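Asker: One predicted model, sequence on top.
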Amino acid sequence: MKFKIIGTAFVLMLLLVHRSAAQLPDSCKLNIGTNLGGISDYGTELPFVDLMHSSRVFYSQDSGNPNGGPFNTEATDSMTFRPDGYPTHSPQTVPGRQYPQKISTIWAITTGWPQGQYVVLYDGTGALEFWGGFTDLTQTSAHRIVFTLNNASNATIQMTIASSSIDDPIRNIRVLMPGSENTYETQPFNPTWLDKALTFKAFRFMDWGQTNNWGQTESWGWDSPELFDWEDRQQMNHYTWADHKGIPYEMMIRLMNDYDVDGWVCVPHRASDEYIHQMALLFRERLEPSRKLTVEYSNEVWNWIFGQAQWCFHYGQAATGLPWPECVVPYVQNCLDIWSEEYAGQLQRIERVVGVQAAWQDVSNRIVFNMEPGSFDAFSPACYFGLGETGDATLDELGASATVTDVAYWVRQTRENNEKVWLQMQKESIADSLHIPMIFYEGGQHITPTPFGVMPTYAQALIDIQRDTAIYNLYNEWFDFLRTLQEGDEPLRLMNFSFIGQRSAQYGSWGILENMYQDTSVIPAPKYRAILENMAGDCSTSVAVETPASNHSWVVFPNPAQDVLKVISGENKPGGRLRISNLLGQLMLEMPVHDSETTIAIGQLANGVYLLTAETPGGWITIKFVKQ
């Protein structure tokens, strides 16, 4: 995609940017993207209108047991399944089991599911059964069922393949959100999710790809030398993507291409060379050349709670005889070298990063400085802030009497002594000495108990701070510090962690939003507000789009916009029109174009992402913009 600047005003703007390139203003120093949350049957981040993608991995139940039987009989290892994950037939006779076994899945939490009528479609011969918090369950035709959710916040839904013919088994089940039956194939992304997500211009797909413990059916099952080939990746037709292989790469590419966003992918730690080559080839051939792709080997290969860290240490040491963390380097090096090979002559399209641990400078140095010079483009610690052991111990003593103010105090104390020192050291030791960028693969609050996963005595204070002005202030203070690390004419890149998730004192409150339908005027979202206010939106207030067929340049600014949107066109079609639609395709505004510059009042539009379509002599062009 080429960019053209139209008019004297834009030439002056370009000159001003050039003159100030060496010293960006504070408002331009941070380029903030976000990690997207992995999908699960209990998650509140729902990127797809087909909720079958987020169903729980199939489990077995007794068929014909007059007492119902256990919730999960754990017989799936003895049952037969198709390549797409569906059972070859149901029920199945399993040796040693009193009753035949049928297959079920569940959505344990439906918070975030919109109210309305859901449509279930499926292929094959058999019967589906449902249980849970819905009404009006009706089989409308041979392969179509509907049900209604009136209050999704406390609902649980279980779906069972009660019977399935071995000659024509049930397969390709789709559980479609209200209003999506006719559009789910052409518009697979949830428009409510898009409305929030497209505030960001870059996404890290670590959790989308289920990078942590990738390929492990159990979190402890890391100990296997087996590598996975390309045919073992997640497939588009697999019944669920909420398993140990995550969302298919094809959907990451589609999101980036369809909505002009950049991406960050993590290569599975047990991917074979053939897998890595094919993965790089897929992105090279299918991702639009104008999209920037960041590539990283796995995620946090030093974090011992994850299988990839255990695996890289065990098998890396055995293969190389090197100590940890040096034994991890060959895996990182090999991965990035393969991507470099596949992108030969096009390396400007990718950014090869080496992940490091912010808190452990020695480990960071021993990984980065053992990489081949020139084989990577940047290094990447995280930029979290949290409590630390002293703060946690003090708050534990306060117990239920601990307040939000107490938590904020200990966060500030810990930041001064730990996180600020660590990141400054990372910059000086690696970025400054190697003259490469430091970018942050994750960041934000990490206000969790020690050890992670215990229920703290001060749980309520941890829950309360997530909606309190105190955390808004903590984020602004943190962003002010991060700006001091930025140098040169490129903003400092950081990927927020994470996008949408419920509050938890025990496991962390990672989401900047709690669910996609959160009304922030009723339920505050101070982290989300702070990020929006600190994004470098003022540095890219115009977007120029050229239609390849006609060479007509169009500029829309500011973007994001609040009350007024300006549109400048190179050439208009006599009697041409401008239209503004939402992501559902609903027409919001329409007006004729008379001059080369058009001013549009958009204050009445709700905040979100919109499509501006313009009629040109060469046809219609479309430009996305954000209303804030």
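Answerer: Happy to help now that I have it.
Asker: what kind of secondary structure is F625 in?
Answerer: Using DSSP: H, G, I helix; E, B strand; the rest coil, the structure places F625 in strand.
Asker: Quick check, it in contact with N559.
Answerer: Yes. Under the criterion of C-beta atoms under 8 Å, F625 makes contact with N559 at 4.7 Å. Where you see a C-beta, it was placed from the backbone N, CA and C, and this is true even at glycine.
Asker: Give me the residues contacting the helix or strand harbouring L423.
Answerer: Under the criterion of DSSP states H and E, L423 resides in helix 420-426. Residues outside helix 420-426 that contact it (C-beta atoms under 8 Å, 6 or more residues apart in numbering) are V356, A358, A359, Q361, S364, F379, P381, C383, M438, F481, L482, L485.
Asker: One more pass at 6 Å, please.
Answerer: Residues outside helix 420-426 that contact it (C-beta atoms under 6 Å, 6 or more residues apart in numbering) are A358, A359, Q361, P381, F481.
Asker: any weak-confidence spans in this structure?
Answerer: Residues of the chain that meet the criterion pLDDT under 70 lie in 1-22, 152-153, 537-553, 569-575, 583-585, 617-620.
Asker: where do the helices sit along it?
Answerer: 7-19, 191-197, 249-259, 273-286, 307-320, 329-342, 361-368, 388-398, 404-414, 420-426, 432-434, 459-465, 469-483, 526-534 (DSSP state H).
Asker: Quick one: residues contacting L282.
Answerer: For L282, the contact set (C-beta under 6 Å, 6+ apart) comprises Y249.
Asker: separation between it and M252?
Answerer: L282 sits 10 Å away from M252, taking C-beta to C-beta, to the nearest Å as the criterion.
Asker: quick one: contacts for Y122?
Answerer: So Y122 contacts H143, I170, I173 (C-beta under 6 Å, 6+ apart).
Asker: Might you specify the subset of those located within strands?
Answerer: Residues of these located in strands (DSSP state E): I173.
Asker: List just the nearest of the contacts of Y122 to E372.
Answerer: Nearest to E372 out of these is I173 (C-beta to C-beta; 47.7 Å).
Asker: these two touch, right, the closest one and M52?
Answerer: Yes. Taking C-beta atoms under 6 Å as the definition, I173 is a contact partner of M52 at 5.2 Å.
Asker: Distance to V265 added to the helices of the chain, as a markdown table?
Answerer: Formatted as a markdown table, the helices of the chain follow (distance: least, C-beta to C-beta, whole Å):
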| stretch | distance to V265 |
| --- | --- |
| helix 7-19 | 30 |
| helix 191-197 | 17 |
| helix 249-259 | 7 |
| helix 273-286 | 7 |
| helix 307-320 | 15 |
| helix 329-342 | 10 |
| helix 361-368 | 20 |
| helix 388-398 | 32 |
| helix 404-414 | 32 |
| helix 420-426 | 23 |
| helix 432-434 | 23 |
| helix 459-465 | 32 |
| helix 469-483 | 24 |
| helix 526-534 | 22 |
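Asker: Relative to L578, which of those helices is closest?
Answerer: Closest among the helices of the chain, using C-beta to C-beta: helix 7-19, at 18.2 Å.
Asker: got a list of what the spatially closest residue to G388 that is not a sequence neighbour touches?
Answerer: Nearest non-adjacent residue to G388, counting by C-beta to C-beta, 6 or more residues apart in numbering: T414, 3.8 Å away. T414 makes contact with L387, G388, G391, according to C-beta under 6 Å, 6+ apart.
Asker: quick one: the second one from V146, how far?
Answerer: If you measure G388 against V146 using C-beta to C-beta, the figure is 52 Å.
Asker: And for the nearest residue to D258 once chain neighbours are set aside, the neighbour number?
Answerer: Nearest non-adjacent residue to D258, counting by C-beta to C-beta, 6+ apart: F189, 7.9 Å away. By the criterion of other C-beta atoms under 10 Å, F189 has 20 neighbours.
Asker: Just list whatever residues bridge to F189.
Answerer: Beta-bridge pairing for F189 (DSSP bridges): F48.
Asker: distance of it from G38?
Answerer: Taken as C-beta to C-beta, the span from F189 to G38 is 16 Å.
Asker: one step back: out of the contacts of helix 420-426, grab the one that's most surrounded.
Answerer: When the contacts of helix 420-426 are compared by neighbour count (other C-beta under 10 Å), P381 ends up highest, at 26 neighbours.
Asker: residues in contact with that residue?
Answerer: Counting by C-beta under 6 Å, 6+ apart, P381 has contacts V356, A358, Q426.
Asker: Put together JSON lines for those, with distance to G112 on each row.
Answerer: Putting the contacts of P381 into JSON lines (distance: C-beta to C-beta, whole Å) gives the following:
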{"residue": "V356", "distance to G112": "34"}
{"residue": "A358", "distance to G112": "32"}
{"residue": "Q426", "distance to G112": "36"}
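Asker: Of those, which is the nearest to P451?
Answerer: Nearest to P451 among the contacts of P381, with distances taken as C-beta to C-beta, is A358, at 18.7 Å.
Asker: how near is the closest residue to I106 other than its chain neighbours to V175?
Answerer: Spatially, and ignoring its direct neighbours in sequence, I106 is nearest to Q158 (4.5 Å; C-beta to C-beta, 6+ apart). Distance, Q158 to V175, using C-beta to C-beta: 12 Å.
Asker: Those two: which has the busier surroundings?
Answerer: Between Q158 and V175, V175 has the larger neighbour count (other C-beta under 10 Å), namely 22 against 17.
Asker: Specify the beta-bridge partners of the more buried one.
Answerer: Beta-bridge pairing for V175 (DSSP bridges): V120.
Asker: So it versus F189, what's the distance?
Answerer: In this view, V175 and F189 are 16 Å apart by C-beta to C-beta.
Asker: now do S54
Answerer: Going from S54 to F189 by C-beta to C-beta gives 13 Å.
Asker: Over to I173?
Answerer: The gap separating I173 from F189 is 19 Å, by C-beta to C-beta.
Asker: and if you look at L176?
Answerer: 13 Å.
Asker: now do M206
Answerer: To F189, M206 is 19 Å away according to C-beta to C-beta.
Asker: Report the contact partners of the residue lying closest to K245 once chain neighbours are set aside.
Answerer: The shortest distance from K245 to any non-neighbouring residue, by C-beta to C-beta, 6+ apart, is to Q234 (4.0 Å). Neighbouring residues of Q234 by C-beta under 6 Å, 6+ apart: K245, G246, P248.
Asker: Can you get me a residue count around the last one?
Answerer: By the measure other C-beta under 10 Å, the count of residues near P248 is 19.
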